[in-house]
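Q: Give me a model of this one.
(chains A and B)
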There are 2 protein chains.
Amino acid sequence: MSKQIRIGIAGYGNLGRGVEAAIGKNPDMTLVGIFTRRAPADLTPLEAGTPVYAMDTLPEYREAIDVLILCGGSKDDLPEQGPQLAAMFNTVDSFDTHARIPEYFATVDEPARANGKTALISIGWDPGMFSINRLYGEALLPDGATYTFWGKGLSQGHSDAVRRVPGVKAGVQYTLPSPVAIDRVRSGARPELSTREKHTRECYVVLAEGADAAAVEQAIVTMPNYFADYDTTVHFISEEQLRRDHQRMPHGGFVIRSGNTSAAHTQVIEYSLQLESNPEFTASVLVAYARAAWRLNQQGQFGAKTAFDVAPGLLSIKSAEQLREELL
Amino acid sequence: MSKQIRIGIAGYGNLGRGVEAAIGKNPDMTLVGIFTRRAPADLTPLEAGTPVYAMDTLPEYREAIDVLILCGGSKDDLPEQGPQLAAMFNTVDSFDTHARIPEYFATVDEPARANGKTALISIGWDPGMFSINRLYGEALLPDGATYTFWGKGLSQGHSDAVRRVPGVKAGVQYTLPSPVAIDRVRSGARPELSTREKHTRECYVVLAEGADAAAVEQAIVTMPNYFADYDTTVHFISEEQLRRDHQRMPHGGFVIRSGNTSAAHTQVIEYSLQLESNPEFTASVLVAYARAAWRLNQQGQFGAKTAFDVAPGLLSIKSAEQLREELL
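A: Okay, the predicted model is just below:
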């Protein structure tokens, strides 16, 4: 085995906790510490022995950390932290605001390149593993169509939207892929599917005292951008039911490419994830790519990169010889 | 779009025909010609205009061909052609004798490296896409187990074994994955599965005149290595039925990784292929990797490589910017 890769965690919410757990499953990695904007003493890591430091001490750890995993959010944290920290560290992040990725790439690329650092951005499962599979699908079956389905999964953005509706005390939203649509896609028929045909949405809502259930339901199902284009079901439940049945964060989905290699022959490629914990899986992907970030940096490949730029072999703890012998 | 990549095809069976078809679906590629050991005039390409040349004239085309796709068999053709042709051309092949890959890698690596050529070996779906997915699965869920299921598919090796049984005039063999076993794996239970539990085998046999059906069936189902460890069903059919119903070459399968990111959470990753034509899909993969072989060679990455060494982005006709914008 090569030398231990020394990892730092910047930010400690669900994702940061997942990264701490994942490092424990990768014997070639050592966790240097968790860096937080909270008071370090207020934070309880999974492992009692994990050091916790103040975020603003990070510059002192430049020599002690090989790869820093950024576990902040895409809306407020990463646009600021990504470029700043990529000037000091090799980084991996899960920036997932799809529309702003080109812009984010540019702001991280410049400082990373100038300082001889490698920054892997938008790593996770979507963007990330799903993106790779969209790419493989297109490249292997150029005459074809790609479909992405999400769920069954808890959607953070849609849950937030539900909670902003007046009269809603608490609630969660699940995205469900349509089994009928998936079967049509798997048949190789390349159907044109409307938004409504691909997914349905289910909301579990706790009403505020005295709120009008019918009005809340109407406000949710007609909400533009979030629900108006879908068949949405609203279930009213008690606070206790919400606590008991809806605390987990499952997710997953399907990337399906169907295409023709000749007029006579249809081929179907499918990649799917069935995740009991979305943040823990995302964290596990980040940690595997941290290994790749370190190796790319050692090869002199500086600047911002995405999952598209990382050869699969760079993710594995095994040597190239071992991989050819055992997995090819 | 970058310059046209000039492709040559060495060997023209089912795989070579598939490569010819696939090149037609990749607008950045031009087919220089098919090279055959048969008399060129005896060969009928898919496209009337495709030039056909004698295999031994290949050295004259060193400057005219950017990547040569080797479409010979793994048993007799590639062990000889691979090293020889990798000294003159960038190559892609589908060498699939799993146990001999390390040895084959070494014999191709040396001449390719010595002559500044890039040789992608063992490309296709297994080895190839399935191998990559075994690797991704292990790297993303280190605490887990990987399962590969094949089928439903026509197995060439097992069909040959059936046809060697005395009393068999003609026949084919299909490998079928067990739906029960797949469901157990998908549950995340990490079952230990015996060979018999994972797959069943079905043979469709045309008896020779006067052959004893019971004796033929017994000889097939008890054949060591090929059938003894499986539940095998033998169906006797007419020559006409064989011609009518068993001329296609479907295949496919599943690579499933299940693992835990924590004691509480199981995650399941699944990659599957459902192929109406095994050789056409394999050919389509070879052609996408020909694009990568050319790009790796332009980057100065010489020697033998496998699918593990190829970043996904190198397979796509699209630029890195376009990929980030459209597929990430």
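
Q: tell me the contacts of residue A:171?
A: A:159, A:162-163, A:203-206, A:242 (CB atoms under 8 Å, 6 or more residues apart in numbering or on different chains). (Each C-beta comes from the backbone N, C-alpha and C, glycine too.)

Q: got those residues as a markdown table, with pLDDT, secondary structure and distance to residue A:129 columns?
A: Shown next, in a markdown table, are the contacts of residue A:171 (pLDDT from 0 to 100; DSSP: H, G, I helix; E, B strand; the rest coil; distance: CB to CB, whole Å):
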| residue | pLDDT | secondary structure | distance to residue A:129 |
| --- | --- | --- | --- |
| A:159 | 95 | helix | 23 |
| A:162 | 96 | helix | 28 |
| A:163 | 96 | helix | 29 |
| A:203 | 98 | strand | 28 |
| A:204 | 98 | strand | 28 |
| A:205 | 98 | strand | 32 |
| A:206 | 98 | strand | 34 |
| A:242 | 97 | helix | 30 |
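
Q: List, out of those residues, those positioned next to chain B.
A: Contacts with chain B are made by none of these, judged by CB under 8 Å from any CB of the partner chain.

Q: Which of these are buried, as a PyMOL select command?
A: The buried subset of the contacts of residue A:171, as determined by 16 or more other CB atoms under 10 Å in any protein chain shown, is captured in PyMOL by this line:
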select buried, chain A and resi 159+162+203+204+205+206+242
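
Q: Return the member of the contacts of residue A:171 nearest to residue A:320.
A: residue A:159 (43.5 Å; CB to CB).

Q: For that closest one, give its distance to chain B.
A: 19 Å (CB to the nearest CB, to the nearest Å).

Q: Isn't that residue up against residue A:168?
A: No - counting by CB atoms under 8 Å, residue A:159 sits too far from residue A:168 to count as a contact (10.4 Å).

Q: Could you count how many residues lie near the residue in the stretch 51-200 of chain A positioned nearest to chain B?
A: Using CB to the nearest CB, the single residue of the stretch 51-200 of chain A nearest to chain B is residue A:139, 3.9 Å away. Applying other CB atoms under 10 Å in any protein chain shown, we find 24 residues neighbouring residue A:139.

Q: Go ahead and confirm it touches residue B:315.
A: Yes - between residue A:139 and residue B:315 there is a contact at 3.9 Å, judged by CB under 8 Å.

Q: Give me the common contacts of the two.
A: With CB under 8 Å, 6+ apart, residue A:139 and residue B:315 have common neighbours B:288, B:291.

Q: Spit out the contact partners of residue A:229.
A: A:195-196.

Q: how about it, secondary structure?
A: In three-state terms, and counting by DSSP: H, G, I helix; E, B strand; the rest coil, residue A:229 is coil.

Q: Now residue A:261. Its backbone dihedrals?
A: With angles defined as degrees, to the nearest 10, residue A:261 sits at phi -90, psi -10.

Q: wouldn't it be in contact with residue B:14 here?
A: No - contact criterion CB under 8 Å: residue A:261 and residue B:14 do not qualify, at 11.7 Å.

Q: more crowded one of these two?
A: residue A:261 (27 against 16).

Q: Now for that one: which residues touch it?
A: By CB under 8 Å, 6+ apart, the neighbours of residue A:261 are A:141, A:143, A:267, B:18, B:21-22, B:25, B:277, B:280-281, B:283-284.

Q: if you skip the residues just before and after it, what's nearest to it?
A: residue B:280 (3.8 Å; CB to CB, 6 or more residues apart in numbering or on different chains).

Q: what about that neighbour, how many neighbours?
A: Counted by other CB under 10 Å, the residues lying close to residue B:280 total 23.

Q: so which helix or strand takes in it?
A: Following DSSP states H and E, one finds residue B:280 within helix B:278-298.

Q: which parts of that helix are buried?
A: In helix B:278-298, counting by 16+ other CB under 10 Å, buried: B:278-297.

Q: Give me the phi and psi angles of the residue of the stretch 51-200 of chain A closest to chain B.
A: phi -70, psi -40.

Q: rewinding a little: per-residue confidence at the residue nearest to residue A:261?
A: As predicted, residue B:280 sits at a pLDDT of 98.
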